[in-house]
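# Mind looking at a prediction? Sequence and model below.
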Amino acid sequence: MKMSRNFPLNALRVFESAARHLNFTKAGDELGMTQTAVSYQIKLLEDFVGAPVFVRKPRQVALTETGERLAPRVADAFGALRSAVSDAKQATGGTLFIHTTPTFAARWLSRHMVAFQVENPGLAVRLETSQDFVDVNHSDIDLVIRSGHGKWPGLTAHLLMRGGFTPMLSPTLAASIGGVNEPEDLLKLRIIDAGDPWWTQWFKAAGVLDPPLEDRPISRFGAQTFEAAAAIAGQGVAILTPEFYADEVALGRLIQPFDIKSYDAANYWLAYPDGRANTPKVKLFRDWIFKLMPNVEHD
């Protein structure tokens, strides 16, 4: 079917943003338009559809039944367009945009990325880190590596690493109390970030119920890599993913006093939008990282 020149493609783009934000002003900010221009485009779409897509309320809007049916299909369509343009533009060259956590970037990815770029000299890599949960479907990010349960709507996720967690500390700090022989011995020392729920979960797994953590100073280092640095410096006991710190254990800078590990939502996943599974640059990285982690079932 031939598409009419009057088909409201721009109005649909404005509608997708407004439906996501449920706010005309925020949609305008995202698209570089005034609130009045957004309202005009929505009115054009409603005239074309023949029914309202938003209910206007004081200082907010809500989708009508027609808008609710339309919004997910328009979002999927624009997602497919973005993927198609990305495929056409970049093929096996261009830039691969990866978002991950500071700890995974520092303790694993940065140690291997040179090898990836040697194998793929035509593909540049842009790496961004934060603890935030980013919306990959509405950004330029190609893929993410994040910890969690691995079930995120609109994303295909592959398990990369079973990232359990357990207390770790410097040998000198352990020796200062005559050694750490029982889980309760850890409570004699400063706990780094005692408010982290991983601590309660680990103590429960170790058979210590209701450990007295609530009255301890609450520190917020923001990433495991900083907590590990504090532990190496003897400033306290950190709860860490030991797979990231095998070198520090081998060098005698950290010890893992107990084999007990917890795994609640701490696994690491490779994830990308469902529609980008066959994008050449995503396939290149996915195949490469799977070779480095052959013991994990990825699908």
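Perfect, thanks for sending it. Just so we're clear, the structure is a prediction, and the values are computed from it rather than from any experiment.

# Mind checking the pLDDT average for stretch 126-143?
For stretch 126-143, mean pLDDT rounds to 85.

# now what about that stretch, what contacts it?
With Cβ atoms under 8 Å, 6 or more residues apart in numbering as the test, stretch 126-143 has contacts from 20, 75, 79, 86, 95-102, 105, 109, 113, 144, 146, 154-155, 222-223, 270-273, 276, 279, 281-282, 285-286. In this view, the C-beta of every residue, glycine as well, is placed from N, C-alpha and C.

# do stretch 199-215 as well
165-167, 183-184, 187, 191, 193-195, 239, 258, 260-262, 264.

# Equivalent analysis for stretch 78-87, please.
In contact with stretch 78-87 (Cβ under 8 Å, 6+ apart) are residues 12-13, 16, 137, 142, 273, 275-276, 279-280.

# one more time with 7 Å, if that's ok
13, 16, 137, 273, 275-276, 279 (Cβ atoms under 7 Å, 6 or more residues apart in numbering).

# list the contacts for residue 107?
225, 244 are the contacts of residue 107 under Cβ under 7 Å, 6+ apart.

# From residue 243, how far out is it?
The gap separating residue 107 from residue 243 is 8 Å, by Cβ to Cβ, to the nearest Å.

# Give me the domain ranges for the chain.
Using automatic domain parsing, the domain ranges for the chain come out as 9-84, 91-157+265-292, 166-250.

# Now do the shortest one: distance from first to last residue.
Just to be clear, that refers to domain 9-84. Using Cα to Cα, to the nearest Å, one end of domain 9-84 lies 17 Å from the other.

# Please state the offset of that domain from the chain centre?
27 Å (Cα atoms, centre = their mean, to the nearest Å).

# Strands along the stretch 1-150 of the chain, start to end?
Taking DSSP state E, counting those that start in this stretch as the test, the strands found in the stretch 1-150 of the chain are 54-57, 60-63, 94-100, 123-129, 143-148.

# Run through the stretch 51-200 of the chain and note the low-pLDDT ranges.
Filtered on pLDDT under 70, the stretch 51-200 of the chain yields the residue ranges 85-93.

# can you pull out the helices in it?
Secondary structure of the stretch 51-200 of the chain (DSSP state H, counting those that start in this stretch): helices located at 65-90, 102-104, 110-119, 171-175, 197-205.

# Single out the most deeply packed of those.
Among the helices of the stretch 51-200 of the chain, ranked by average contacts under mean count of other Cβ atoms under 10 Å, first place goes to helix 102-104 (a mean of 21).

# can you list contacts of that one?
129, 145, 223-225, 244, 268.

# Just among those, which is most surrounded?
Each of the contacts of helix 102-104 was scored for neighbours by other Cβ atoms under 10 Å, and residue 224 scores highest at 27 neighbours.

# How much space separates the residue nearest to it when sequence neighbours are not counted from residue 245?
Once flanking residues are discounted, residue 224 sits nearest to residue 103: 4.0 Å by Cβ to Cβ, 6 or more residues apart in numbering. Distance, residue 103 to residue 245, by Cβ to Cβ: 10 Å.

# same deal with residue 82?
In terms of Cβ to Cβ, residue 82 sits 38 Å off from residue 245.

# swap in residue 122?
For residue 122, the distance to residue 245 - Cβ to Cβ - is 35 Å.

# Kindly report the same for residue 205.
Applying Cβ to Cβ to residue 205 and residue 245 gives a distance of 19 Å.

# before we move on, back to that, which one of the helices of the stretch 51-200 of the chain lies nearest to residue 251?
helix 171-175 (10.7 Å; Cβ to Cβ).

# follow-up on the earlier one: which of the contacts of stretch 78-87 fall within helices?
Applying DSSP state H to those, the entries found in helices are 13, 16.

# Let's have the contacts of stretch 78-87 in TSV, adding distance to residue 26 and neighbour count.
Formatted as TSV, those follow (distance: Cβ to Cβ, whole Å; neighbours: other Cβ atoms under 10 Å):
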residue	distance to residue 26	neighbour count
13	15	16
16	13	23
137	17	21
273	22	24
275	25	19
276	26	21
279	29	22
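
# so which of the contacts of stretch 78-87 would you say is closest to residue 44?
Of those, the one sitting nearest to residue 44 (Cβ to Cβ) turns out to be residue 13, at 11.6 Å.
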